[in-house]
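# Using only what follows, build the 3D model:
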Amino acid sequence: MKRLIFLFALISILISCKNETTKEAALRTLSEADRAWCQSANDFEGFMSFLDEDVVWYFCNFPQLKGKDAVRSFYKKVYEDKTFSLTWTPERIEVSASGDLGYAHGTYKYKTANSTETQSEQIHNYATIWRKQKDSTWKVVLEADF
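Coordinates of the predicted model:
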């Protein structure tokens, strides 16, 4: 009898548990990907690993970069500056109902020092569009810094 009561209680608990929806799961995994990308910001290869091969990158008052190779060429020079550091904070992360596209936006902080070692800090806004890959990872397909 105790086994029957235990089994009934266990079945009741399992039935009452709400399964994570596709959108909720996508939001969770996108948030995790964005957090991991933020943590890799000062590691060049880690930073690049989150970009889709066809990524497009927009800067304010600067020509757009098309493709991962173009972004790599641009940022390789930036990362060679040992005074460079980059951090960002998403203010909002959302995903589509189908769970295959998402976006994040917030602010980023770019620091570097000039030839006199004077630290320069710039704070700007950004928007990132992510696409879920066939292997369920997320990659950046569009970045706009303004």
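
# which parts of stretch 70-86 are buried?
With burial defined by 16 or more other Cβ atoms under 10 Å, the residues of stretch 70-86 counted as buried are Val71, Arg72, Tyr75, Tyr79, Phe84, Leu86. Bear in mind the C-beta positions are built from the backbone N, C-alpha and C, glycine included.

# average pLDDT across it?
Regarding stretch 70-86, the rounded mean pLDDT is 91.

# excluding its backbone neighbours, what's nearest Ala33?
The shortest distance from Ala33 to any residue that is not its chain neighbour, by Cβ to Cβ, 6 or more residues apart in numbering, is 4.0 Å, and that residue is Trp138.

# give me the number of residues near that neighbour?
Summarising burial for Trp138: neighbours were counted as other Cβ atoms under 10 Å, giving 24.

# and what of Asp145?
Neighbouring residues of Asp145 were enumerated by other Cβ under 10 Å; the total is 16.

# just Asn42 next, same as before
By the measure other Cβ under 10 Å, the count of residues near Asn42 is 12.

# residues touching it, list them.
Phe84, Ser85, Leu86 (Cβ atoms under 8 Å, 6 or more residues apart in numbering).

# so who does the residue nearest to Ala33 touch?
The neighbourhood of Trp138, defined by Cβ under 8 Å, 6+ apart, consists of Thr29, Leu30, Ala33, Asp34, Phe50, Gly102, Trp130, Arg131, Lys132.

# Touching the top helix by length along the chain from outside, list them.
Longest helix in the chain, counting residues (DSSP state H): helix 22-39. Outside of helix 22-39, the residues within contact range by Cβ under 8 Å, 6+ apart are 20, 47, 50, 87-90, 93-100, 102, 104, 128, 130, 132, 136-138, 140.

# and the helix or strand harbouring Arg92, what does it pack onto?
Take DSSP states H and E as the rule and Arg92 turns out to sit in strand 85-95. Contacts of strand 85-95 with other secondary structure elements, assessed using 3 or more Cβ pairs under 8 Å, 6 or more residues apart in numbering; DSSP states H and E, are made with helix 22-39, strand 101-113.

# ok, back up a step: between the contacts of Trp138, which is closest to Ala144?
For the contacts of Trp138, the minimum distance to Ala144 (Cβ to Cβ) is 12.9 Å, reached by Trp130.
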